[in-house]
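> The following comprises the amino acid sequence and a computationally predicted model.
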Amino acid sequence: MDDPVPEAADPKRDFSGKTPPASLLEWALPDEEATIALARNLAELACGRVPGGAPAGGRIHLRGELGAGKTTLARGLLRAAGVTGRIKSPSYTLLESYNVSNLYFYHLDFYRFSNAHEWRDAGFDELLDTRAVVLIEWPEQAGTRLPPPDLDIRLDYAGTGRRAVLSAHSEKGQLWLTYLSASRR
Ligand SMILES: Nc1ncnc2c1ncn2[C@@H]1O[C@H](COP(=O)(O)OP(=O)(O)O)[C@@H](O)[C@H]1O
Ligand SMILES: [Mg+2]
């Protein structure tokens with residue numbers, strides 16, 4: 001992750017000389033610290049801090065049952081991105097917003113989401129259009145209203161820990177996964 005990549009990355013370019021673009025990645029998360037470490041890696045990518053990486057911004061869907069670690073991962077990403085102060089779970093408010101040096105972060109949780117008016121009134125369509133980092137828990141509860149994310153992360157219980165399956169749904173997501181898999185070696 002710290003190795004500088006000389007030129008601006010073309011998502012189709014094989015930047016390492018050997019790693020093909022990744023579209024699926026499994027990540028073992030034996031404890032909460034591992035979840036936060038993954039979140040830190042994602043923050044670097046989403047904030048556009050990786051040399052040669054994609055520009056800041058992107059959408060991440062977080063799926064998995066209650067307690068799987070969706071909020072832990074979102075909070076870890078926001079903290080690593082530079083959000084200070086309390087980071088509340090948006091499970092009651094639907095949306096929590098943050099701003100760190102010109103970059104907006106929207107953390108949504110659709111667990112209790114039920115009606116279409118709520119969607120329109122809250123202006124969700126607009127926030128999906130802006131260049132921002134958008135983290136969405138329970139995206140399946142929004143039905144077909146959500147476009148595919150750059151990256152979909154599914155968290156499952158695995159013994160006393162968790163397991164993440166990351167899948168890319170855009171060129172940006174593929175580029176992120178390629179960097180993530182390289183950062184593990
Ligand atoms: N990799 C992990 N292994 C074990 N426990 C974890 C891991 N990641 C998070 N946790 C714990 O599991 C719980 C996850 O809660 P939370 O992040 O609110 O889940 P969700 O938002 O998916 O409902 C927290 O108590 C957290 O400390
Ligand atoms: Mg949650």
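Cool, got the structure. Ligands and ions are numbered 1, 2, ... in the order given.
> For Ile153, grab phi and psi.
Dihedral angles of Ile153 (phi, psi; degrees, to the nearest 10) stand at phi -120, psi 120.
> OK, contacts around it?
For Ile153, the contacting residues are 60-63, 73, 164-166, by Cβ atoms under 8 Å, 6 or more residues apart in numbering. All C-beta atoms are positioned from the backbone trio N, CA, C, and that covers glycine.
> now do Trp27
Neighbours of Trp27 in contact, by Cβ under 8 Å, 6+ apart: 38, 163-166, 180, 184.
> can you check Gly48 too?
Counting by Cβ under 8 Å, 6+ apart, Gly48 has contacts 54-57.
> Name the residue closest to the centre of the protein, please.
Computing the C-alpha centroid of the chain and ranking residues by Cα atoms, centre = their mean puts Ile60 first, at 3.5 Å.
> Pretty sure that one sits against Asp150.
Yes: in this structure, Ile60 is within contact of Asp150 by Cβ atoms under 8 Å, at 6.8 Å.
> So which residues on the chain come close to ligand 1?
Applying Cβ under 6 Å from any ligand atom, we find that the chain lies next to ligand 1 at 29, 31-32, 34-35, 64, 66-72, 137, 161-162.
> need the strands for the protein, in chain order.
24-29, 58-63, 95-100, 103-109, 132-137, 151-158, 161-168 (DSSP state E).
> Helices of this structure, start to end?
With DSSP state H as the criterion, the chain has helices at 32-46, 70-81, 116-121, 124-129, 171-184.
> returning to that earlier point: buried deepest among the strands of the chain, which one?
strand 132-137 (a mean of 25; mean count of other Cβ atoms under 10 Å).
> Tell me which strands that one pairs with, and in which orientation.
Taking DSSP bridges as the criterion, strand 132-137 forms sheet pairs with strand 58-63 (parallel), strand 103-109 (parallel).
> right, so of the ones you listed, which gets closest to Gly173?
For these, the distance to Gly173 is smallest for strand 58-63, at 7.5 Å, taking Cβ to Cβ.
> relative to helix 32-46, how tilted is that closest one?
Orientation note: strand 58-63 sits at an angle of 150 degrees relative to helix 32-46 (axes from the mean of the first three to the mean of the last three Cα atoms, to 10 degrees).
> which regions of the chain sit below the pLDDT cut-off?
1-21, 115-121, 185 (pLDDT under 70).
> tell me which parts of it are close to ligand 2?
70-71, 137 (Cβ under 5 Å from the ion).
> Can I get those residues in JSON lines including distance to Gly123?
What follows is the residues of the chain next to ligand 2, written out as JSON lines (distance: Cβ to Cβ, whole Å):
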{"residue": "Lys70", "distance to Gly123": "23"}
{"residue": "Thr71", "distance to Gly123": "23"}
{"residue": "Glu137", "distance to Gly123": "19"}
